[in-house]
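>>> The sequence and its predicted three-dimensional model are supplied below.
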Amino acid sequence: MDKSFIQELFKANNITVGTNRQHLFDAFVNEEKNRLAVKLIMENKKLLMDTWQFKNRLADIQQQPVSIPNATAGKPYEVKLDFAQLNWNDFSYFHIEGLEESGLQYDPETKVIRGTPVKSGDFKLTLKYRINGEDEASAPNEKKVPLVINPNPKSLWKNMESDKNDPYWKEDNVAIYAPLGDRHLLAASKRGRSHANTGGFREDDFAFKHFTDTGWSVLVVSDGAGSARLSRAGSRIACNGIVEYFEQHFTPELRSTFDALIATHTAAPGDKTQKELTRFVYDNLGKAAFTIHKKLEEFAATAAAPVKDLHSTLIFVLLKKYESGYVIMSFGVGDCPIALINKDFSDIALLNRLDVGEFSGGTRFITMQEIFKSDTFATRFGFRLVPDFSYLMLMTDGIYDPKFEVEANLEKLTEWKALLEDLGGKNDDNVKVDLASHTTETANQLSAWMDFWSPGNHDDRTLMIIS
Amino acid sequence: MRRLPVFFLLDTSGSMYGEPIQALNNALSGMVNTLRMDPQAMDSLWLSIITFDREVKELTPLVELANFQLPEITCPQSGPTHTGYALEFLHAKVNSEVRKGTPTQKGDWRPLLFLFTDGKPSDLQLYRKMIPLIKELNFATIVGCAAGKAADNGMLKELTDTVVHLDTADSATLKQFFKWVSDTIEQGNKSMGTTEQVTLPPPPNEVNLVI
């Protein structure tokens, strides 16, 4: 060993040992002093190599990108550090500092960071570690790693008052109960968190009227577009406008024409009577819708604003009880559903086609001229004659987005059962709307129920229930 | 849950090397922190960061704000600006990742695109070929940002009507710009007509709207 080392050393330095000097070389190799020198060189070489390997490893660890998933204040968090995947199996010691105030703890046994963060912010964590072979008494190495703790979204919402001096101001929350002939109306409309957060206005609206002398009821709901500057005015004009239209234009002559139509239809239903009824709905509800369109155009002109500033969806229903049953006529533009649930809760019918685009928020409004020209205009009307019903509901997307999520679910009876159970108190906040009792208190319960929490759904909410 | 997908296309060509890239990193970090304080953004915003120089890199695939971790953006010391290639990459990403509404799937809000550059496309032919294809994707808004003297406003104008010019790409200016970007993002999740553009908030002094 020693001999070959010295031979290599000499060779590398062009020192040759002549054949006649072999004896002398052997003696040189065996000299105690020289053997010791070789041993020291070998040890130092190993030390150099080991030290380099160690430094190299530390540098690798320092440069290694380590990302710890973000946490959210108030939300339970549990993340396991996968030492094998991180290639940290050579760690003899590991600890995390910097979690102290966050509400999270690191458990060295399971290598898990867990807890429920109590505050948010950008935390700088210090990973303290030693790798195998390092002196246990030495100060551990350090690596800084960021940890983001998001604020709790619930805590971020502000509730700022809307400006009461605004010419188009409307109340942030309204709730009302009213008898509707032999049925009952319950309605609530509530400013969404997204508007409350910025001191914005409620853009939804509703209106209704029961004509005691004739037995007719008119029910209207409208959703002002979030992107339209004056849509709060648009939705109000649309709702009140529909009620006014039928106050003025649903004349005794028209009503008796209709009564006669229904009588004929009930006595001998057929294609002809069906067509005449459809025609009646198309003419009268169509005229009402177009009147609103015109009204909004006029309003835009006086307010010196483009009509698109008033973009609003519109659904409305005319309801009357006949001997043969309830007549329900409807019109709809936009993405607000009108749903009719039969007496024994075995069937649900959607009375209008929803205008839903391929992107969220893309819909059609009563302010758009093209809806009256389109081939689909005729499909916006509905006519039903039903012996009885359990619920008739009109709602804006602020309700249907969180409760039904997608259009297809609106046609599922189970989803409507779930909504009724939800209203009945089966919800996170245990808020119960006592639909069987018909009082103003019930309306307030409905309004309270509407505060339900649903991530990502913070639009205005409007729900009208006829039971 | 409705997502608002927001894509950032960031120029990391050689001219961004040094102070500008530092400023960009700082400004992005500021923007993300601002957005994290916005409950609406926390609930709906999804972000993607794509950089382009000679190569196009998807530094962060579309991820929700709550899980978003800002990557360190770096750039080579020299090299071309492959804006066209970046648009081509983006086109594929939008088609595969942005969800369209169907009766059984909630559609995303219309996506937003912010393109930040301090030069002009080196791959002009591809850039011009991609422009109509990008327009077809129906973004709720495309904001082109030209930073510094060498940035070509005209080129960006071919892509979008909304072009802003920053005189310099220093820290203070970029910070203002990205503050405005976050204000713009906050406009993105509202009901509107199917093809209307997002109404942009008024830009700060440092940000000049190119007419």
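That came through fine. Residues are numbered from 1 along each chain as shown, chains lettered A, B, ... in the order given.

>>> Check the burial of residue 164 by counting its neighbours.
Since no chain was named, I'll use chain A. A count of nearby residues for A:Lys164, using other CB atoms under 10 Å in any protein chain shown, gives 8. No exception for glycine: its C-beta is placed from N, CA and C like everyone else's.

>>> Correction: the question concerned chain B.
Counted by other CB under 10 Å, the residues lying close to B:Val164 total 23.

>>> ok, whichever strand or helix holds it: who's next to it in the sheet?
Assigning secondary structure by DSSP states H and E places B:Val164 in strand B:162-166. Sheet neighbours of strand B:162-166, with direction, are listed as strand B:141-147 (parallel), strand B:207-210 (antiparallel) (DSSP bridges).

>>> Return the most buried member of the ones you listed.
Highest mean neighbour count of these: strand B:141-147, a mean of 25 (counted as mean count of other CB atoms under 10 Å in any protein chain shown).

>>> contacting residues around the helix or strand following that one?
Downstream of strand B:141-147, the first helix or strand assigned by DSSP H and E is helix B:153-159. Residues from elsewhere that reach helix B:153-159 (CB atoms under 8 Å, 6 or more residues apart in numbering or on different chains): B:83, B:87, B:115, B:117, B:120-121, B:127-128, B:131, B:134-135, B:142, B:144-146, B:163, B:165, B:210.

>>> Return the set of buried residues in the host helix or strand of B:Val32.
Using DSSP H and E, B:Val32 falls within helix B:19-36. For helix B:19-36, the neighbour count (16 or more other CB atoms under 10 Å in any protein chain shown) marks B:20-25, B:27-28, B:30-32, B:34-36 as buried.

>>> by how many degrees do it and strand B:141-147 diverge?
Orientation note: helix B:19-36 sits at an angle of 150 degrees relative to strand B:141-147 (axes from the mean of the first three to the mean of the last three CA atoms, to 10 degrees).

>>> Show the average pLDDT along helix B:19-36.
Helix B:19-36 comes out with an average pLDDT of 90.

>>> How about that helix and chain A, touching?
Yes: judged by CB under 8 Å from any CB of the partner chain, helix B:19-36 comes into contact with chain A at B:33, B:36.

>>> What is the following helix or strand past that helix packed up against?
Downstream of helix B:19-36, the next assigned helix or strand under DSSP H and E is helix B:39-44. If you count contacts as 3 or more CB pairs under 8 Å, 6 or more residues apart in numbering or on different chains; DSSP states H and E, helix B:39-44 packs onto helix A:153-156, helix B:19-36.

>>> picking that back up, Serialize the strands paired with strand B:162-166 to a markdown table and add fields for mean pLDDT.
Output for the strands paired with strand B:162-166, formatted as a markdown table (pLDDT from 0 to 100):
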| stretch | mean pLDDT |
| --- | --- |
| strand B:141-147 | 90 |
| strand B:207-210 | 74 |
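
>>> can you tell me which of the helices and strands packed on helix B:39-44 comes nearest to A:Leu385?
helix A:153-156 (46.6 Å; CB to CB).

>>> what about that closest one and chain B, any contact?
Yes: for helix A:153-156 and chain B, the contact criterion (CB under 8 Å from any CB) is met by A:153-154, A:156.

>>> give me the low-pLDDT residue ranges for the stretch 251-400 of chain A?
Within the stretch 251-400 of chain A, the segments meeting pLDDT under 70 span A:358, A:360-361.

>>> all helices for it, in order.
A:252-267, A:271-302, A:370-373, A:397-404 (DSSP state H, counting those that start in this stretch).

>>> for the second one, which positions count as buried?
Burial within helix A:271-302, assessed by neighbour count using 16+ other CB under 10 Å, is assigned to A:273, A:276-277, A:280-282, A:284-286, A:288-289, A:291-293, A:295-296, A:299-300.

>>> Likewise for the third one?
Of the residues in helix A:370-373, A:Ile371 count as buried by neighbour count, 16+ other CB under 10 Å.

>>> ok, residues contacting it?
Outside helix A:370-373, the residues within contact range by CB under 8 Å, 6+ apart are A:289-290, A:293, A:333, A:364-365, A:377, A:380.

>>> can I assume A:Thr118 sits in a helix?
Not quite, residue A:118 is Val, not Thr. No: looking at A:Val118 with DSSP: H, G, I helix; E, B strand; the rest coil, it is coil, so not inside a helix.
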